[in-house]
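In: Predicted model follows, preceded by the sequence.
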Amino acid sequence: MIHKVRVRFAPSPTGPLHIGGIRTALFNYLFAKKHQGTFVLRIEDTDQNRYVANAEKYIIDALNWCNIPFDEGPNKNEKFGPYRQSERKDIYKQYANYLIKNNKAYYAFDTTEELDFHRKDYEAKKKTFIYNWHNRKKLNNSLTLTEKKIENRIKNGDKYVIRFKTPTNQTLIMQDIIRGEIKIDTNVLDDKILFKSDGMPTYHLANIVDDHLMKISHVIRGEEWLPSMALHILLYKAFDWKVPEFAHLPLILKPTGKGKLSKRDGDKLGFPVFPLAYLNQETNETSRGYKEEGYFNDALINMLAFLGWNPGTEQEIFSLDTLVQKFNLQKVNKAGARFDLDKTKWFQQQYLQQKSNATLAKLFKHDLDNREDSHFHRNNNLVYITKVVSLIKERAIFVSDFWNLSSFFFLAPTKFDTKATKKVWKEGTAKLMQELILVLNEISNFSSKNVETVVKGWITKKEIGFGKVMQPFRLSLVGAMQGPHLFDIINMLGKKETISRIRFAINYL
């Protein structure tokens with residue numbers, strides 16, 4: 001039994017949220033909801049140099065659009081606030097001081113030039129410079145200075161950082177829910193900086209302090225943080241705090257399966273890597289978003305759930321509620337998950353087919369109302385549009401596909417597909433079409449079934465091939481050899497419009 005689950009999603013506001021970030025947020029959300037827990041959003045803005053003004057709003061808008069809103073975070077249920085690290089500066093300093101006081105950290109006064117000198121010196125000897133137990137007592141830090149000297153240097157305004165004093169000669173045994181047991185020799189770790197000279201903590205210190213103070217029970221984050229796990233656990237031990245459970249999610253890989261999926265891959269292959277379109281205010285460049293490309297949020301979420309997780313059954317379509325019920329961190333893979341654009345479109349198509357005709361008609365009407373070719377042959381009212389949608393939706397992936405699949409329901413063709421015309425409009429076709437007009441004129445019940453019965457009866461009686469009439473008939477109404485069942489189109493257009501289009505085709509062709 002898991003008690004009081006509290007998880008957090010802690011992005012840096014340095015730009016738009018990648019779908020990898022959304023996937024991390026989703027897995028945190030699913031785990032929290034499954035265990036009646038709390039999903040926390042924390043903004044990790046300690047890196048002020050890379051801070052982007054509109055990024056926090058983007059993160060929140062993206063989570064809301066994906067229908068995985070946070071329970072607690074900036075301006076919402078602030079029980080453990082503030083939730084922006086830049087507003088928690090004073091908190092971190094006292095914890096850094098605690099570590100120094102208890103000999104778990106130290107002041108380092110090394111200048112950039114000094115550190116560069118050491119790096120180059122090591123390189124010349126074909127070694128790698130690591131600031132840790134084997135050289136820390138020879139470097140410019142408080143481990144070899146008297147308290148008085150340290151005090152004077154700080155008073156004089158000498159720049160310093162605070163480094164963690166990594167314990168030596170220990171084998172750290174760590175548990176990861178996804179990856180199992182991980183062992184590490186503490187002698188290979190470096191003494192990471194916890195507090196920077198600009199008075200801001202590094203990610204490592206802020207992260208641990210916040211997770212502790214916000215009572216985070218499970219840290220579910222991307223694989224890229226796996227190398228930091230040892231340091232983070234050592235920090236918990238240094239403070240004598242309870243260590244949360246860790247789960248490191250697999251990377252989302254490029255479609256080739258090699259390397260991490262990036263914005264560049266999306267740009268090159270023509271798909272978005274962000275949930276919402278994003279305007280870079282510095283370059284004025286807009287990046288594509290799944291929402292604006294016409295994807296449904298539930299289709300995107302279903303697709304992302306399968307990047308790294310598998311329920312172990314054949315089922316692939318899961319509503320958010322079902323995902324919550326079925327989600328299990330033990331069923332998350334260690335190996336990277338390859339992004340597949342075709343599979344993403346497949347999910348979108350499944351969700352489009354599931355939506356009601358009335359729902360899709362409203363979305364399509366919005367597109368129609370914004371079209372420039374406004375001369376529809378009849379009112380583009382919702383009842384009519386709903387019927388159109390019912391006939392063409394199974395061939396669509398996006399609502400934006402509807403127009404190309406159904407434009408002939410709204411606009412009479414003014415030109416005809418050249419290839420199709422050559423194939424189906426022969427000598428004698430015009431005469432047949434004139435006869436067809438006479439047949440149609442006599443029909444009073446213009447239902448799909450009745451018109452089909454009458455027209456097919458007439459063709460049979462004439463003892464000619466069905467293709468000789470049906471193909472030019474479709475070409476006359478649609479302008480090409482496409483579209484749903486021909487007699488459904490005729491029923492929708494009505495007698496007057498159907499005859500008018502055949503007459504136009506006869507004159508034009």
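Out: Arrived safely, thanks for sending. Numbers count the residues shown, from 1 in each chain.

In: who touches Gly479 in this structure?
Out: Contact criterion C-beta atoms under 8 Å, 6 or more residues apart in numbering gives 408, 413-417 as the residues in contact with Gly479. Glycine gets a C-beta too; all of them are placed from N, C-alpha and C.

In: As a markdown table, these with pLDDT, distance to Leu269 and secondary structure would be great.
Out: Formatted as a markdown table, the contacts of Gly479 follow (pLDDT from 0 to 100; distance: C-beta to C-beta, whole Å; DSSP: H, G, I helix; E, B strand; the rest coil):
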| residue | pLDDT | distance to Leu269 | secondary structure |
| --- | --- | --- | --- |
| Phe408 | 95 | 32 | helix |
| Pro413 | 94 | 35 | coil |
| Thr414 | 93 | 36 | coil |
| Lys415 | 94 | 34 | coil |
| Phe416 | 93 | 35 | coil |
| Asp417 | 94 | 30 | coil |
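
In: so which of the residues you listed comes closest to Thr202?
Out: Set against Thr202, the nearest of those by C-beta to C-beta is Phe408 (62.3 Å).

In: excluding its backbone neighbours, what's nearest that closest one?
Out: Nearest-residue entry for Phe408: Val478, 4.5 Å, with adjacent residues in sequence omitted and distances by C-beta to C-beta, 6 or more residues apart in numbering.

In: Just say helix, strand or coil for the nearest residue to Glu72 once chain neighbours are set aside.
Out: Leaving aside its sequence neighbours, Glu72 sits nearest to Val40 (C-beta to C-beta, 6+ apart; 4.7 Å). Using DSSP: H, G, I helix; E, B strand; the rest coil, the structure places Val40 in strand.

In: And the pLDDT at Val40?
Out: The model reports Val40 with a pLDDT of 98.

In: same deal with Leu509?
Out: pLDDT recorded at Leu509 is 88.

In: Then Gly81?
Out: The model's pLDDT for Gly81 equals 89.

In: Identify the residues contacting it.
Out: Residues in contact with Gly81 (C-beta under 8 Å, 6+ apart) are Pro74.

In: Backbone dihedrals for it, both of them.
Out: Backbone geometry at Gly81, expressed as degrees, to the nearest 10, gives phi -70, psi 180.

In: which secondary structure element contains Glu113?
Out: Using DSSP states H and E, Glu113 sits in helix 112-124.

In: I'd like the average pLDDT over whichever helix or strand comes after that helix.
Out: Helices and strands here follow DSSP H and E; after helix 112-124, the next one along the chain is helix 147-155. The predicted model assigns helix 147-155 a mean pLDDT of 94.

In: got it, and stretch 110-129?
Out: On average, stretch 110-129 scores 95.

In: same question, stretch 316-329
Out: Taken as a whole, stretch 316-329 has a mean pLDDT of 97.

In: Now that stretch - C-alpha only, PDB.
Out: Extracted in PDB, the C-alpha atoms of stretch 316-329 (Å, rounded to 0.1, in the frame of the first residue of the first chain):
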ATOM      1  CA  GLU A 316      -4.100   0.400 -27.600                       C
ATOM      2  CA  ILE A 317      -7.000   2.900 -27.300                       C
ATOM      3  CA  PHE A 318      -7.200   4.200 -23.700                       C
ATOM      4  CA  SER A 319      -9.200   7.100 -22.400                       C
ATOM      5  CA  LEU A 320      -7.500   9.200 -19.700                       C
ATOM      6  CA  ASP A 321      -9.600   7.500 -17.000                       C
ATOM      7  CA  THR A 322      -8.700   4.100 -18.200                       C
ATOM      8  CA  LEU A 323      -5.000   5.100 -18.400                       C
ATOM      9  CA  VAL A 324      -5.300   6.100 -14.700                       C
ATOM     10  CA  GLN A 325      -6.700   2.700 -13.800                       C
ATOM     11  CA  LYS A 326      -4.200   0.700 -15.800                       C
ATOM     12  CA  PHE A 327      -1.000   2.700 -15.300                       C
ATOM     13  CA  ASN A 328       1.800   1.000 -13.500                       C
ATOM     14  CA  LEU A 329       5.400   2.300 -13.200                       C
END
